[in-house]
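Novice: coords please:
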Amino acid sequence: MSKLPHIGTSIFTVMSQMATEHQAINLSQGFPNFPIDERLIAILSKLAKENIHQYTSMSGLPSLLDKIAVLTQQSYGRTVSAKEEILITAGATEGIFATIQALVKANEEVIILDPSYDCYEAPILLSNAKPIRVSLNIDFTPNWELISAAANEKNKLIIINNPHNPTGKMWTENDFVQLEKLVEAYPNLLVLSDEVYEYITFEEPHISVHHRPKLWHRSISVSSFGKSFHITGWKIGYVIAPENIMKEIKKVHQFLVFSVSSIAQHVLNDYIDLVDVKALGQFYQQKRDLFRNLIKETKLELLPCEGTYFQVASYANISDENDLNFTKRLVTEFGVATIPISTFYANGNDHQCIRFCFAKDDETLEKAAERLIKL
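Specialist: Numbering: from 1, shown residues only. Below you'll find the predicted structure:
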């Protein structure tokens, strides 16, 4: 008998398979199609010849942990212990899975804000715990009235994603004030903050749990080198948590993967000294602006994109179809693959919106726009 009976093939796999079958331009899955930084390739080529191919320590390469601590201090003004409060993970997904498995017990509850990324629910169910799905407002901002109504003593975690996939929205100062009030009201409640797009923000600066001293002892943050440095296939990220919580996460991590790719850690250890993470937002803002400009003549209505490399658009002016059928027809008739937003909701809430990934080279975005104008 299946432990996850209602979970099948993900929408990301389905749409990518359709894109391949119909030779469509794939703007569905969230990964770049342009080359990685040549400096990364040079470091990789050099280090591949050195004796660095055996296990690293369970927590991560010590020198890389030190550099993450420095990066956290430089980015957020927060001092964290490299040895006790940081863990290198096999991608952000493993960090999220290990955290939930370590902290959530049977019959406890975890609040998830919909639309939400699909990796949150499975580890909750595998813990014999209960996911509590709370919808965001129509503009994809947190609905604190609904969140407060869902809160109770059984809540162990609230999972937040900021900047937000799939919508590109970012939390405001007031949102964090409300979160702090919620945490204060429920002493057993912890915050799992998915911040994999933390350095991909545009007009407004990203606000992190690292900026909020009231949350430091109650929060677990998850970051992604894969997202930040366009190396999603390397599957490497990191988790930051207070020592007492991190001890529990490490217990799961050591039996889940034990340690993460040694060569990837050594390469990133050298690369992190060369790269300016503050430039990432400008890099992706140029792509966002190009894509928005290219498709402004279409009948699609573009929603605000404040961070991430995703653009949400409403097709309500084009069709009355549900979003799944519309995205499938977009592939078969127009040759562009996207993601329907309803699949990010537990209840399948359909706002007639679709998600584009603009982390593509300019030529790909231009060709996609040529096809979308025909809608």
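Novice: quick one: secondary structure of residue 311?
Specialist: Following DSSP: H, G, I helix; E, B strand; the rest coil, we place residue 311 in the strand state.
Novice: Can you name the residues bridging to it?
Specialist: residue 356 (DSSP bridges).
Novice: Make sure it is actually in contact with residue 293.
Specialist: No: look at residue 311 against residue 293 with Cβ atoms under 8 Å: they stay out of range, at 11.6 Å. C-beta coordinates here come from the backbone N, C-alpha and C atoms, glycine included.
Novice: Please say which of the two ends up with more neighbours.
Specialist: residue 311 (25 against 11; other Cβ atoms under 10 Å).
Novice: Contacts only, for the more buried one.
Specialist: Residues counted as contacts of residue 311 (Cβ atoms under 8 Å, 6 or more residues apart in numbering) are 168, 288, 291, 292, 302, 303, 305, 355, 356, 358.
Novice: Pull out the buried members of the residues you listed.
Specialist: Buried members of the contacts of residue 311, scored by 16 or more other Cβ atoms under 10 Å, are 168, 288, 291, 292, 303, 305, 355, 356, 358.
Novice: From the contacts of residue 311, which land in helices?
Specialist: Among the contacts of residue 311, the members falling in helices (DSSP state H) are 288, 291, 292.
Novice: so can I have a markdown table of those residues showing distance to residue 281 and pLDDT?
Specialist: A markdown table is the format used below for the ones in helices among the contacts of residue 311 (distance: Cβ to Cβ, whole Å; pLDDT from 0 to 100):
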| residue | distance to residue 281 | pLDDT |
| --- | --- | --- |
| 288 | 10 | 98 |
| 291 | 15 | 98 |
| 292 | 16 | 98 |
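Novice: Which one of these is nearest to residue 121?
Specialist: Nearest to residue 121 among these, counting by Cβ to Cβ, is residue 288 at 28.9 Å.
Novice: Report the separation between the closest one and residue 199.
Specialist: 14 Å (Cβ to Cβ, to the nearest Å).
Novice: Over to residue 280?
Specialist: 4 Å.
Novice: what does residue 298 give?
Specialist: For residue 298 relative to residue 199 (Cβ to Cβ), the value is 29 Å.
Novice: Looking at the two, which is more packed in?
Specialist: When neighbours are counted by other Cβ under 10 Å, residue 199 comes out ahead of the other of residue 298 and residue 199, with 24 against 18.
Novice: Tell me which helix or strand that one sits in.
Specialist: Using DSSP states H and E, residue 199 maps to neither a helix nor a strand.
Novice: Report pLDDT for it.
Specialist: As predicted, residue 199 sits at a pLDDT of 98.
Novice: Residue 105 now?
Specialist: So, for residue 105, pLDDT stands at 98.
Novice: okay, now the nearest residue to residue 57 once chain neighbours are set aside: neighbour count?
Specialist: Leaving out its chain neighbours, the residue that sits closest to residue 57 by Cβ to Cβ, 6 or more residues apart in numbering is residue 259, at 6.7 Å. When neighbours are defined as other Cβ under 10 Å, residue 259 has 18 of them.
Novice: show me the contacts for the nearest residue to residue 277 once chain neighbours are set aside.
Specialist: Distances taken as Cβ to Cβ, 6+ apart put residue 199 closest to residue 277, at 4.6 Å, once the chain neighbours are dropped. Contacts for residue 199 (Cβ under 8 Å, 6+ apart) come out as 75, 206, 228, 277, 278, 280, 281.
Novice: Next one: residue 199 from residue 205, what distance?
Specialist: Taking Cβ to Cβ as the measure, residue 199 falls 11 Å from residue 205.
Novice: Can you point out the buried residues in stretch 235-244?
Specialist: In stretch 235-244, counting by 16+ other Cβ under 10 Å, buried: 235, 236, 237, 238, 239, 240, 241, 242.
Novice: Need the contact partners of it.
Specialist: 60, 68, 72, 80-81, 84-92, 94-95, 98-99, 196, 210, 216-217, 219-226, 246, 249, 260-261, 264-265, 268.
Novice: Got a PyMOL select line for the buried ones in those residues?
Specialist: Of the contacts of stretch 235-244, the buried ones go into a single PyMOL selection, burial set by 16+ other Cβ under 10 Å:
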select buried, resi 60+68+72+80+84+85+86+87+88+89+90+91+92+94+95+98+99+196+210+216+219+220+221+222+223+224+225+226+246+249+260+261+264+265+268
